[in-house]
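Chemist: Here is my input, please return the structure:
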Amino acid sequence: MSSGIEVRQAHFPGRAPIEAYGNGGFRFAGMSHRGSLLCLPSGIYGWEATETAPFSGKRLLKVFEEADSFKFFLFGTGLELRRLPKPLVERFRSLGLSCDAMSTGAAVRTLNVMLSEERPVAAALVAIE
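Modeler: Alright, predicted model coming up:
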């Protein structure tokens, strides 16, 4: 018997600065989201990555699908800065993209500045508790 409830992947169809982060999620556009985020030119998407697995999640493939719509990619890896895996760095380089890893807090601040300057930026933000 079907409950009639449709479960959808989280998606906000637009760009928005991150208003707050912590407690396992983010606030943006007057809404809150629990979990990690991908902030792309096509919108803001929920993402499966965690602090213990910051580079995982099949949705990360969406970043590469939109690679022609941004030049800078910020990777917020949680509370601590973590090095990006070499194959991931090489994939970004092969597409001519700048990719910088930093703590999630630093990535949020940098993303917000770059959005306010209307720069071609995207980000992967790992939620922190």
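Chemist: Quick check: which ranges of this structure have low pLDDT?
Modeler: Within the chain, the stretches with pLDDT under 70 are 1-10.
Chemist: For it, which segments are assigned as strands?
Modeler: 11-12, 18-22, 25-28, 31-34, 36-40, 43-47, 72-76, 98-102, 121-125 (DSSP state E).
Chemist: If you count neighbours, what's buried in the lengthiest helix in the chain?
Modeler: Longest helix in the chain, counting residues (DSSP state H): helix 104-116. For helix 104-116, the neighbour count (16 or more other CB atoms under 10 Å) marks 104, 107, 108, 109, 110, 111, 112, 114, 115 as buried. Where C-beta positions appear, they are placed from N, C-alpha and C, glycine not excepted.
Chemist: Can you tell me which of those lies closest to residue 50?
Modeler: Closest approach between the buried residues of helix 104-116 and residue 50, by CB to CB: residue 104, at 11.6 Å.
Chemist: List the contacts of that closest one.
Modeler: Residues near residue 104 by CB atoms under 8 Å, 6 or more residues apart in numbering: 21, 76, 77, 78, 79, 125, 126, 127, 128.
Chemist: Can you go through those residues and name the buried ones?
Modeler: Neighbour-count burial (16+ other CB under 10 Å) applied to these gives 21, 76, 77, 78, 125, 126, 127, 128.
Chemist: Can you pick out the most distant pair from those?
Modeler: So for those, where distance means CB to CB, the most widely separated pair is 21 and 77, at 13.1 Å.
Chemist: Pull the contacting residues for residue 28.
Modeler: Listed by CB under 8 Å, 6+ apart, the contact partners of residue 28 are 12, 16, 17, 18, 19, 44.
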